[in-house]
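Peer 1: quick one, fold the following:
(chains A, B, C, D, E and F)
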4 protein chains.
Amino acid sequence: MSRSLPAEQRRNQLLDAARMVFARDGYHRAGVSDIIEQAGVARGTFYNYFDSKRAIFHEVLVVVVDDLAGSVQPIDVGGDILAQARANVRAVLTAALDPQVARLLLAEAVGVDEEGDEVLRAFYGDAVDRIQTALELGRRLGVVREGDLRVAARCVLGMVKENVFLGALMGQQVDPDAVVDEIYAFMTQGLLKL
Amino acid sequence: MSRSLPAEQRRNQLLDAARMVFARDGYHRAGVSDIIEQAGVARGTFYNYFDSKRAIFHEVLVVVVDDLAGSVQPIDVGGDILAQARANVRAVLTAALDPQVARLLLAEAVGVDEEGDEVLRAFYGDAVDRIQTALELGRRLGVVREGDLRVAARCVLGMVKENVFLGALMGQQVDPDAVVDEIYAFMTQGLLKL
Amino acid sequence: MSRSLPAEQRRNQLLDAARMVFARDGYHRAGVSDIIEQAGVARGTFYNYFDSKRAIFHEVLVVVVDDLAGSVQPIDVGGDILAQARANVRAVLTAALDPQVARLLLAEAVGVDEEGDEVLRAFYGDAVDRIQTALELGRRLGVVREGDLRVAARCVLGMVKENVFLGALMGQQVDPDAVVDEIYAFMTQGLLKL
Amino acid sequence: MSRSLPAEQRRNQLLDAARMVFARDGYHRAGVSDIIEQAGVARGTFYNYFDSKRAIFHEVLVVVVDDLAGSVQPIDVGGDILAQARANVRAVLTAALDPQVARLLLAEAVGVDEEGDEVLRAFYGDAVDRIQTALELGRRLGVVREGDLRVAARCVLGMVKENVFLGALMGQQVDPDAVVDEIYAFMTQGLLKL
DNA sequence: GATGAATGAGGTTTCATTCAT
DNA sequence: CATGAATGAAACCTCATTCAT
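Peer 2: Next up is the predicted model:
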């Protein structure tokens, strides 16, 4: 029996437990029982703070997404743009390689419900938008070639995501620096020599 | 009441129904009830052909994965390698943009069970292997630059997957040809001018 | 696909299979599938000969009960009565120690349905009646002491049944001759010396 | 909707309901539905206290077996041994003549599953052991004749069981005292006069 | 605010039985 | 007469949610 706690603190306690459980077991395999056990809280208490299992999942997702989005720094045009882009890729990659984060963003969140899909859609849409904006900026600065920059932005996102995915979900070893280097090389030289 | 059918045909009828239902509702939301309703068959009939919901899902997954894997042609060194690579990317992309396929491969199959994860792991692992092999071939032929070809292979896979993902799952419009063109450009020139 | 057979023969084929399966697995664990598989006959064929699983069980039970009842010889007053009684006990005991028979009579048949209970009730009732009749005969001949001969008859039946039960169902080794000897001693001397 | 109850009490309520239902309908005909209806409790509540239908049956069986075993008093060598044996037989007989008890011990428990069989096997095995021990004691005291005391013990058990069986299951009227008297006479004098 | 026993709709699976071929 | 695919009622069990204490 937990002593009465400030509401905010109890919520966070539950959110932390839920994130861990969802990441470990996935949304469907995780039960409310697992979350409250992890949090050391009674069943009824859970429903004092969250309306449903879906609701807490949704909140967990928002937190994770916000954290990840927050790891990206806006690009300062005055500075070394490439270095900033590199730093951003590296930051995102490192944050996303946390297995908890990866699982939530890549696997469990899709298809749970409409709301969850919307969060993801917004997140990835936003990510593509940001990359595209950066590319357009680069285009104007003359450091980005011409082309369909929206698709290009998706490609960049895809390169990052896939390495996260294979690393965190498929159990392959992934070295963030190697990935950053390779993506950098890819972006500067492409892959093929004609 | 369905008439008696050759076993093979009934199995396929059920597999088709299941693929549609799983793609539409996801593994967890889909019930055996939905599958048999879709197939117009009694509950018992389902269990005459498949051991469980998981079992039919597994078979659906294998079929989809095999179809997709089968759409890739081995590269003939004698011919135009780039054209063949382009054709392969285009073929996979087109096949995967089918929303049923996309949903199964990208979302629903992850985390259902160990077996399903294994099918996916094998599939994506195999895909990376093939791309890497092709890149190594290109390297020996002198058409591929140096670098960490495994990570590069993941990047290529990621570019394809992300466009499928955003197109089929996130509801953004995706034009296969634009994607192929852009990936091609990406591979030949990179994205940045230094 | 079995060739067409004389009806009688097909019935017996099914009855034999059923007896074996019921004795091996028990009524509830045995499925119609097991019976037809054992008989090497199609599912529909089964229902050409028997109305239901219960019906065939009922017939099996009747056959077994009749066989066992038939192993008892009426006592010839002119001959050695004790010897005849001994022979009867021995015959019944030997027949009943067949595990198939034992299981059907002692365990599986009780509680399957009203009809089955009726068959058993009739069988055991008849057995008690016969023993009682024999005892009454003995009483008139002066070789049986006074007492409640109905209860005594039940006791005799119980002695036999228990040894069968422990032997066939509980897996204890039972030697028919030792049992006959002991029952004989029991009947002639009792167990206690006052 | 039942009010919340101490766990122990709810368990017992369910055990009682289950014993009644199993005795009335038999293991296979009884559904969890019948038990919860009898107990006036929701389906989920049942599974809060027992893992499965088999599990509760097993517990019911153990309780019944323990009760019956507990009705037997160890024999005090200092006292009137025969009287104590008589009292034991009478106690067991009376307890076992309860139709609920009889049905569970004689019919429904056999063949439900391995565990249940094991409980019965242990129970009857133990009963025979105890009787045999008592007989051996009597033998040393000189009040029991020579012979195969194990078989003799089975015979005694059989006499008791058969009268219970016929009384409770086969619907014949059974008077405990008449049975005790007759078994007593049987043990002291046997049945036959030579 | 915290508790946890109780709930019951809904899921998966079984298997005796039918009937068109 | 034999076949076996099809049937569907009914069984068992899960787990997100409620609510009286």
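Peer 1: which residues in chain A form helices?
Peer 2: Using DSSP state H, the helices of chain A run over A:7-25, A:32-39, A:43-49, A:53-70, A:81-96, A:99-103, A:114-141, A:149-164, A:176-189.
Peer 1: off-centre distance for stretch A:173-182?
Peer 2: Put simply, stretch A:173-182 sits 17 Å off its chain's centre (Cα atoms, centre = their mean, to the nearest Å).
Peer 1: could I get it in PDB with only the CA atoms?
Peer 2: Extracted C-alpha coordinates of stretch A:173-182, given in PDB (Å, rounded to 0.1, in the frame of the first residue of the first chain):
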ATOM      1  CA  GLN A 173      24.500  -4.700 -33.500                       C
ATOM      2  CA  VAL A 174      24.500  -1.100 -34.600                       C
ATOM      3  CA  ASP A 175      27.300   1.400 -34.000                       C
ATOM      4  CA  PRO A 176      25.800   4.900 -34.100                       C
ATOM      5  CA  ASP A 177      29.100   6.500 -35.300                       C
ATOM      6  CA  ALA A 178      29.400   4.100 -38.200                       C
ATOM      7  CA  VAL A 179      25.800   4.800 -39.200                       C
ATOM      8  CA  VAL A 180      26.300   8.600 -39.000                       C
ATOM      9  CA  ASP A 181      29.500   8.300 -41.000                       C
ATOM     10  CA  GLU A 182      27.900   6.200 -43.700                       C
END
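Peer 1: can you tell me the closest non-neighbouring residue to residue A:13?
Peer 2: residue A:39 (5.4 Å; Cβ to Cβ, 6 or more residues apart in numbering or on different chains). C-betas here are computed from N, CA, C, even on glycine.
Peer 1: I'd guessed that neighbour sits against residue A:14; true?
Peer 2: Yes - when contacts are counted by Cβ atoms under 8 Å, residue A:39 is listed as touching residue A:14 (5.2 Å).
Peer 1: overlap in contacts of these two?
Peer 2: Listed as contacting both residue A:39 and residue A:14 by Cβ atoms under 8 Å, 6 or more residues apart in numbering or on different chains are residue A:46.
Peer 1: burial of residue A:39, as a residue count?
Peer 2: Neighbour count of residue A:39, defined by other Cβ atoms under 10 Å in any protein chain shown: 22.
Peer 1: nope, residue A:145 is what I was after
Peer 2: Residues within reach of residue A:145, counting by other Cβ under 10 Å, total 18.
Peer 1: and it, what are its phi and psi?
Peer 2: phi -70, psi 170 (degrees, to the nearest 10).
Peer 1: residues in contact with the residue nearest to residue A:13?
Peer 2: For residue A:39, counting by Cβ under 8 Å, 6+ apart, the contacting residues are A:13, A:14, A:16, A:17, A:18, A:46.
Peer 1: state the distance from the second one to residue A:53.
Peer 2: Computed with Cβ to Cβ, to the nearest Å, the distance linking residue A:14 and residue A:53 is 11 Å.
Peer 1: out of those two, which sits in the busier spot?
Peer 2: Regarding residue A:14 and residue A:53, a neighbour count based on other Cβ under 10 Å identifies residue A:14 as having more, with 23 against 19.
Peer 1: which pLDDT value belongs to residue A:11?
Peer 2: Here the pLDDT value assigned to residue A:11 is 95.
Peer 1: what about it, neighbour count?
Peer 2: Using other Cβ under 10 Å, residue A:11 has 16 other residues around it.
Peer 1: tell me which residues touch the nearest residue to it once chain neighbours are set aside, please.
Peer 2: Of all residues not flanking residue A:11 in the chain, residue A:49 sits nearest, at 5.2 Å (Cβ to Cβ, 6+ apart). Neighbour list for residue A:49: A:7, A:10, A:11, A:14 [criterion: Cβ under 8 Å, 6+ apart].
Peer 1: how far away is residue A:49 from DNA strand F?
Peer 2: For residue A:49, the distance to DNA strand F equals 11 Å [Cβ to the nearest atom of the strand, to the nearest Å].
Peer 1: what is the lowest-mean-pLDDT helix or strand in chain A packed up against?
Peer 2: Each helix and strand of chain A was given a mean pLDDT (mean pLDDT, DSSP states H and E); the minimum falls on helix A:99-103 at a mean of 82. Helix A:99-103 is packed against helix A:7-25, helix A:53-70, with contacts defined by 3 or more Cβ pairs under 8 Å, 6 or more residues apart in numbering or on different chains; DSSP states H and E.
Peer 1: quick one: contacts of that helix?
Peer 2: A:19-20, A:22-24, A:26, A:64, A:67-68, A:95-96, A:164-165, A:167-169, B:111.
Peer 1: what comes up buried for that helix?
Peer 2: A:100, A:101, A:102, A:103 (16 or more other Cβ atoms under 10 Å in any protein chain shown).
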